[in-house]
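Engineer: return a 3D structure for these sequence lines:
(chains A, B and C)
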Amino acid sequence: MNEPLLKATNVSKYFGKRTAVDEVSLELWPGEVLAVVGESGSGKTTLLDCLAGRARPDVGRVEYQTRHEGVKDIHALAEAERRLLARTDWGYVHQSPDQGLRMGVSAGANVGERLMALGARHYGNIRDEATDWLTRVEMDPARIDESPRSFSGGMRQRLQIARNLVTRPRLVFMDEPTSGLDVSVQARLLDLLRSLTRSLPLAAIVVTHDLAVARLLAHRLMVMKDGRAVESGLTDQVLDDPQHPYTQLLVSSVLHP
Amino acid sequence: MIEVRGLAKSFLLHNQGGAELRVLRSRTFDVQPGECVALQGRSGSGKSTLLKCLYANYRASAGSIRIGGTEVTSASPRELLRLRREAVGYVSQFLRVIPRVPALAVVAEPLLDDGPYDETAAERARQEAEQLLLRLRIPLRLWSVAPATFSGGEQQRINIARGLIRKRPVLLLDEPTASLDTENRSTVVAMINEARAQGAAIVGIFHDREVRDAVATRVLDMEAGS
Amino acid sequence: MNAPVAIAAEARAAARENQYNFAYLDERTKRMIRRAILKAVAIPGYQVPFGSREMPLPYGWGTGGIQVTASIIGPRDVLKVIDQGADDTVNAVNIRRFFQRTTGVAVTDRTAEATLIQTRHRIPETPLAAGQIMVYQVPVPEPLQRLEPREAESRRMHALGEYGLMHVKLYEDIARFGRIATAYDYPVMVNGRYMMSPSPIPKFDNPKLHMSPALQLFGAGREKRIYAVPPWTRVESLDFEDHPFEVQKWASTCALCGSGGSFLDEVITDDRGGRMFLCSDTDYCRRRRDATA
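Structural biologist: Down below sits the predicted model:
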C-alpha cells in the first residue's frame, strides 16, 4: 500500500483565543501504532478527536484511505458517512469504559450492537460473534448475558475493546486506555492490546501520558506540548535519544521502580 | 552491507545547562557480507552508541549510514521499521521486558512481524523458537514463563534467540555473551559464525577476548582516529 | 346503540349555540395541524412537531388524537370512537359526546359505517376500507425514548436511520426471556425508512397497519407530535431472522360470539377464579352474534 491509512495535514483547533492543537501533521500506515504523549493540556486528546472525526479542526485536513473508495477528507464527508466509517472502519476506546459502553444492556448486546447497527438480523449469529470476541479479549464467555455493571474496571475496558473490534476496524483510536486501572490489570490489558494490534493487524493511535505504555505498544511516538508536536520518531528513538528539551524533561522525569 | 561515513554523535542535554556530550567524533568504515567487525575500546569510547546509531535507536548528529542501500539517517519511520524487520537484527545488552509475554512467544515474535497472522505461521514460528531455546539450553519449564523473573544469563539467551531467529543480512550485537557460562558462550559463538557464513554483515561488542577472537574477522579500534 | 344515531337539526343548532367554533379549534389552528398532517403523510412514519393546543381535558387523555380529529372532521363525516376496542367505555363516550356537541356530526359504533375512527389502544377487527381514516391516540411518540432519553440523540438516529439500538433492546429481550418481550407498542419500520411507535396497540394489531387501504394518523398531544402512515404503505414489525415476529394467541375463543381470531379480553367474573374471554372489539363481536342469530 502506497498511501498512508490516515494523514493529517496542518491540523489546528482553537477554543476562542486558546490554541488547543497547533499545526500538527502526521501519517499513519496500516498496522502501525502511534503513541501521542503529553501532559494535561498538551492538546493530545483534542488532536485525537480531530483525527477520529469527533471534533472538527479549524485549519487543516484529515484524510483517510477507505477500503473501496480511495482517500477521503473525513471532515468533508456528510455526517451519515462519517458515522458509518466510525462504526465500520474505526474504533474509539474511551478512557473511561462507562463512556464507551451501554451499562444498561448485557455484555453480549454491547458487543453485538455494531453488527446490529450494520443490519445483522440473526440472533444466533450475533450471539456467536459476541461469544467469540469475549473470548478473544480474555473474558469468560459465560458472562455474555451479564450487565457491565457487575464487571471490574479492567473487564469493562476489555469489553469496550471487544465492542470496538467486532467490525474488524482497520484503525482504532484510544484515549488513555489503561489509566485508572490497577497496575496488574493495566499490564494484562496492555498485553491484550499489544497482541491484538499485532495479530489482527490493527493500526492505532494511542493517547497516553504514560511513557511506559508508549514504549510497550507503539512503533512510533509523537510528543505534544501546548498543542504542538515538539518531537516525533520511532518510539525507542524518542525515548532513548530525546532531542527536544521538553522530551528530555519528560523522559528524565519518569520514575523507574 | 554497511557503509558508514563521517558518523558523529553528540548528546545535547538541554535541562542540564545545555551541556554537550560528544561521544563519537567521526567514524568511517564499511562492513561487507560475511564480515564480523568487533568494536574495541574502553568504557565510554562510544561502542554502544555506534551500534545504536546503526540501529537508528540514536539519531546521528552528523554523517551517513547506509545499510543495504537505505540511508538510515534520513529514512522515514516507516522505512526504518521495515529495515529493522527485514534487514537489521539487534541483540541488546539488556532485555526490555514485555510483561506477561512468555519466553517462547518473545522469541517467536520477529517471525510474525510481516504478514497476516494465521495459525500455520504461528505454528511454524513456534517450532523455530523451540529449536533455538533447545539449542540455548533454556529449560522447558521456562518456555511458558515471562522472562521478567529469569536469571541474567537466561534473559540474555532469550535476547539472542529473539535477535537471531529471523535471518537478516545485518546483525548488531551488544555484549551477547557477557552473562553466559562457557557452554552457552560457545553455542552463541557457533550461532554467530553460522550467521556470518550465511552472509550476514555483523558489528559487535565482545567484552570477552576469547569470544572476540572466535568470531571477529576485523577489529575496529574506537579510540584511534577515524 | 343499535343503529346509526343522527342528531336532529335542533341538536346541531344547540352545538352552534355553545359558541365554540366547529370542532372546538379555531380555523388557524386547524390549518396548522392540517399542514403538519400533510407533512406527516408525505414522510411516512416521521414525527412532525406541531403546536399542540390546550384542550378541555388533561394531557394523557387523548388530546393529540382529539386535535387531529378536530382538524379533519367535516359535517358529513360519520365518527366512531373506541377505547380498548369498546364504544361504551368512559373515555370513548366522553370524546364522542365532545365531538357531537362541537360539530353535530353523525356518530356510529359500526366500524364499516364510520368515515373517521378515533381509537385508543386497539385497531378494530373489521378490515378498514379505502376512504376511512383512523386516528390513534399516542402517549409517547418516540419509539426510542426508553433506550435513548436524549431527544437530540434520538432525532439524530432517525435522521441518519441508525436504529441498531432498538435491535439491541430486542436482543436483550431474547437473551433474558428467550423471546421478544414487547407485547404492545411494538416498534415498526414504516416504508423501510422510519421507525415508528404504533401507539400502545397490542402487537396483535400490528399486521393490520401493513398495506392498509385506510389513512392512519397518529397524534401525541403532550409530546406535540403528529405522524402518519398513508394508505398502502409497508409497515413491518422488527424482529430477528431466527426469532420472527409473532402475534398473541389464546387458548379459548370468545365466550359470546365464538371468535377464535380476534383479540380477547380476559374478564374476571367472580372471586373464585371464574373468568371468561370476550372480544375486545365490541362492534365486531356483536355483528358476529347478529349474523348467527
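Engineer: can you map out the strands along chain C?
Structural biologist: Listed in chain order, the strands found in chain C under DSSP state E are C:48-49, C:78-83, C:106-107, C:116-120, C:133-137, C:188-190, C:194-196, C:215-220, C:225-229, C:235-237, C:264-268, C:275-279.
Engineer: how about a markdown table for these, with mean pLDDT added?
Structural biologist: As requested, these are exported to a markdown table (pLDDT from 0 to 100):
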| stretch | mean pLDDT |
| --- | --- |
| strand C:48-49 | 98 |
| strand C:78-83 | 96 |
| strand C:106-107 | 94 |
| strand C:116-120 | 96 |
| strand C:133-137 | 97 |
| strand C:188-190 | 97 |
| strand C:194-196 | 97 |
| strand C:215-220 | 98 |
| strand C:225-229 | 98 |
| strand C:235-237 | 96 |
| strand C:264-268 | 92 |
| strand C:275-279 | 93 |
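Engineer: now distance to A:V172 and mean neighbour count too, for those, in CSV please.
Structural biologist: Bear in mind the C-beta positions are built from the backbone N, C-alpha and C, glycine included. Output for those, formatted as CSV (distance: least, C-beta to C-beta, whole Å; neighbours: other C-beta atoms under 10 Å in any protein chain shown):
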stretch, distance to A:V172, mean neighbour count
strand C:48-49, 39, 16
strand C:78-83, 54, 24
strand C:106-107, 64, 20
strand C:116-120, 50, 24
strand C:133-137, 45, 26
strand C:188-190, 32, 22
strand C:194-196, 30, 22
strand C:215-220, 41, 27
strand C:225-229, 39, 28
strand C:235-237, 35, 19
strand C:264-268, 54, 14
strand C:275-279, 56, 18
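Engineer: make TSV out of those and add distance to B:L171.
Structural biologist: As requested, the strands of chain C are arranged in TSV below (distance: least, C-beta to C-beta, whole Å):
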stretch	distance to B:L171
strand C:48-49	73
strand C:78-83	87
strand C:106-107	97
strand C:116-120	83
strand C:133-137	79
strand C:188-190	64
strand C:194-196	63
strand C:215-220	75
strand C:225-229	73
strand C:235-237	66
strand C:264-268	84
strand C:275-279	87
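Engineer: next, format the ones you listed as CSV and append distance to chain B.
Structural biologist: Formatted as CSV, the entries for the strands of chain C read as follows, by distance: least, C-beta to the nearest C-beta, whole Å:
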stretch, distance to chain B
strand C:48-49, 51
strand C:78-83, 63
strand C:106-107, 73
strand C:116-120, 59
strand C:133-137, 55
strand C:188-190, 38
strand C:194-196, 39
strand C:215-220, 52
strand C:225-229, 49
strand C:235-237, 40
strand C:264-268, 58
strand C:275-279, 60
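Engineer: output the below-cut-off pLDDT ranges for the chain.
Structural biologist: Looking at chain A here, since you left the chain open. For chain A, the stretches with pLDDT under 70 are A:1, A:256-257.
Engineer: ah, no, chain C please
Structural biologist: For chain C, the stretches with pLDDT under 70 are C:1-18, C:293.
Engineer: can you name the residue of it nearest chain A?
Structural biologist: Proximity to chain A, evaluated over chain C using C-beta to the nearest C-beta, is greatest for C:G164 at 2.8 Å.
Engineer: now for that residue: which residues touch it?
Structural biologist: With contact taken as C-beta atoms under 8 Å, 6 or more residues apart in numbering or on different chains, C:G164 is in contact with A:E113, A:R114, A:M116, A:A117, A:L118.
Engineer: what's the closest non-adjacent residue to the fourth one?
Structural biologist: The shortest distance from A:A117 to any residue that is not its chain neighbour, by C-beta to C-beta, 6 or more residues apart in numbering or on different chains, is 2.8 Å, and that residue is C:G164.
Engineer: next, give phi and psi for the residue lying closest to B:C36 once chain neighbours are set aside.
Structural biologist: Taking C-beta to C-beta, 6+ apart as the measure, B:C36 lies nearest to B:I202, with 4.1 Å between them; neighbours along the chain are not counted. Backbone dihedrals for B:I202, given as degrees, to the nearest 10, come out at phi -120, psi 140.
Engineer: pLDDT wise, what is the residue sitting furthest away from the middle of chain B at?
Structural biologist: When distances are taken from the C-alpha mean of chain B, B:G17 lies farthest, 33.1 Å away, according to C-alpha atoms, centre = their mean. In the predicted model, B:G17 carries a pLDDT score of 82.
Engineer: is it in a helix, a strand, or coil?
Structural biologist: Using DSSP: H, G, I helix; E, B strand; the rest coil, the three-state assignment for B:G17 comes out as coil.
Engineer: alpha carbons of stretch B:76-95, as PDB, please.
Structural biologist: Coordinates of the C-alpha atoms in stretch B:76-95 are reproduced here as PDB (Å, rounded to 0.1, in the frame of the first residue of the first chain):
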ATOM      1  CA  SER B  76      11.300   7.800   7.300                       C
ATOM      2  CA  PRO B  77      10.000   6.000  10.400                       C
ATOM      3  CA  ARG B  78       8.100   3.600   8.100                       C
ATOM      4  CA  GLU B  79      11.300   2.800   6.200                       C
ATOM      5  CA  LEU B  80      13.200   2.300   9.400                       C
ATOM      6  CA  LEU B  81      10.600  -0.100  10.800                       C
ATOM      7  CA  ARG B  82      10.800  -2.100   7.600                       C
ATOM      8  CA  LEU B  83      14.600  -2.100   7.700                       C
ATOM      9  CA  ARG B  84      14.600  -3.400  11.200                       C
ATOM     10  CA  ARG B  85      12.000  -6.000  10.500                       C
ATOM     11  CA  GLU B  86      13.700  -7.400   7.400                       C
ATOM     12  CA  ALA B  87      17.300  -6.400   7.400                       C
ATOM     13  CA  VAL B  88      18.800  -5.500  10.800                       C
ATOM     14  CA  GLY B  89      18.800  -7.600  13.800                       C
ATOM     15  CA  TYR B  90      19.800  -6.200  17.200                       C
ATOM     16  CA  VAL B  91      20.800  -8.100  20.300                       C
ATOM     17  CA  SER B  92      20.900  -5.500  23.100                       C
ATOM     18  CA  GLN B  93      22.700  -5.800  26.300                       C
ATOM     19  CA  PHE B  94      19.500  -5.700  28.400                       C
ATOM     20  CA  LEU B  95      16.300  -7.400  27.800                       C
END
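Engineer: what is the distance between it and the centre of its chain?
Structural biologist: Relative to the centre of its chain, stretch B:76-95 is centred 9 Å away, using C-alpha atoms, centre = their mean, to the nearest Å.
Engineer: ok, now how distant is A:L255 from chain B?
Structural biologist: With the distance defined as C-beta to the nearest C-beta, to the nearest Å, A:L255 ends up 16 Å from chain B.
Engineer: so residue 173 is in which element?
Structural biologist: All of this is about chain A. Element membership of A:F173, judged by DSSP states H and E, is strand A:171-175.
Engineer: could you do chain B instead?
Structural biologist: Mapping B:L173 onto the secondary structure by DSSP H and E places it in strand B:170-174.
Engineer: who does that strand touch, helix- and strand-wise?
Structural biologist: Packing partners of strand B:170-174 (3 or more C-beta pairs under 8 Å, 6 or more residues apart in numbering or on different chains; DSSP states H and E): helix B:47-54, strand B:88-91, helix B:152-164, helix B:182-197, strand B:201-205.
Engineer: that one to helix B:152-164, inter-axis angle?
Structural biologist: With axes from the mean of the first three to the mean of the last three C-alpha atoms, to 10 degrees applied, the angle from strand B:170-174 to helix B:152-164 works out at 170 degrees.
Engineer: could you dump strand B:170-174 to PDB, C-alpha only?
Structural biologist: Extracted as PDB, the C-alpha positions of strand B:170-174 are listed here (Å, rounded to 0.1, in the frame of the first residue of the first chain):
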ATOM      1  CA  VAL B 170      22.900  -7.300   9.200                       C
ATOM      2  CA  LEU B 171      23.400  -8.200  12.800                       C
ATOM      3  CA  LEU B 172      24.300  -5.800  15.600                       C
ATOM      4  CA  LEU B 173      25.400  -7.500  18.800                       C
ATOM      5  CA  ASP B 174      26.000  -5.600  22.100                       C
END
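Engineer: what about that strand, distance to the chain center?
Structural biologist: If you compare the mean C-alpha spot of strand B:170-174 with that of the full chain, they lie 3 Å apart, counting by C-alpha atoms, centre = their mean.
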